[in-house]
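Trainee: Pasting the sequence and the predicted model now:
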Amino acid sequence: MKKYFYFLSFLLLLISCTEDVRFNNPAFQTLKDNNFWRAQAYEAGTESNGTFVIHGSLGYEQISFKLPAPIVKTYVLGLDDITIAIYKNTYKGQEAEFSTGVAKGSGQIVVTEYNTDEKTISGTFKFTVVNTDPSAEKQEMHFSEGVFYKIPVAPEGNFVPVD
């Protein structure tokens, strides 16, 4: 009888030793003012004006990058209005928009891979955005340790960004 008990105990132990592994693939996440932020929805594609956009959203919060092209390189922010990062909160009563631009904000977006076969884009980012409302209480937001990984890229001409 003891043999059966030990055997059942061992069998239960063996069965319960499984790992619940979850992969974060694709992903769009960052530290927003040192708080973890992960997008629930993400997309990328070329707008009708030719600008390439990478977009991630979590509820009412949205982060968007506008790039001249999806080329593997480092894009510096705060130099022009072509390569920009935008953060928006559209929650009623907390509406805010922050962005980079000419001599406004700073940071970088590094595109590490643009896979045309799988139609995905990956990279890293860190930046500081400035409030578009100069009279607002909070004037800057900081994003660090940002990653976008294997974000699906919409076919040419079919991309409609969510604003």
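Mentor: Structure's in. What do you need? Computed from a predicted model, the values in this text were never measured in an experiment. Numbering: from 1, shown residues only.
Trainee: which residues in this structure form helices?
Mentor: 2-16 (DSSP state H).
Trainee: list the contacts for the residue most central in space within the chain?
Mentor: The residue lying closest to the centre of the chain (C-alpha atoms, centre = their mean) is Phe28, at 3.0 Å. Shown in contact with Phe28 (C-beta atoms under 8 Å, 6 or more residues apart in numbering): 38-39, 42, 54, 56, 63, 147-149, 151. For the C-beta atoms, the positions are set from N, CA and C on the backbone; glycine is no exception.
Trainee: Could you do Thr100 as well?
Mentor: Counting by C-beta under 8 Å, 6+ apart, Thr100 has contacts 77-78, 84-86, 106-107, 127-130.
Trainee: Now the two most distant members of these.
Mentor: Maximum pairwise distance among these (C-beta to C-beta): 14.3 Å, between Ile86 and Ser106.
Trainee: who has more neighbours, those two?
Mentor: The residue with more neighbours, out of Ile86 and Ser106, is Ile86; 20 against 17, by other C-beta atoms under 10 Å.
Trainee: In ChimeraX, select just the buried ones from the contacts of Phe28.
Mentor: To isolate in ChimeraX the members of the contacts of Phe28 that are buried, counting by 16 or more other C-beta atoms under 10 Å, one can use:
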select :39,42,54,56,63,148,149,151
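Trainee: Pro134: which of the contacts of Phe28 is nearest?
Mentor: Looking across the contacts of Phe28 and measuring by C-beta to C-beta, the closest to Pro134 is Ile63, at 21.5 Å.
Trainee: Spatially, and excluding backbone neighbours, which residue is closest to Ser57.
Mentor: Ala41 (5.0 Å; C-beta to C-beta, 6 or more residues apart in numbering).
Trainee: Turn the contacts of Phe28 into TSV, columns for pLDDT and distance to Asn115.
Mentor: Converted to TSV, these look like this (pLDDT from 0 to 100; distance: C-beta to C-beta, whole Å):
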residue	pLDDT	distance to Asn115
Arg38	96	22
Ala39	95	19
Tyr42	94	15
Ile54	96	14
Gly56	96	18
Ile63	97	21
Val147	96	16
Phe148	96	13
Tyr149	96	11
Ile151	95	10
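Trainee: Do you have the strands of this protein handy? List them.
Mentor: 27-32, 35-38, 41-46, 52-58, 61-67, 73-77, 84-89, 96-99, 106-115, 120-131, 140-152 (DSSP state E).
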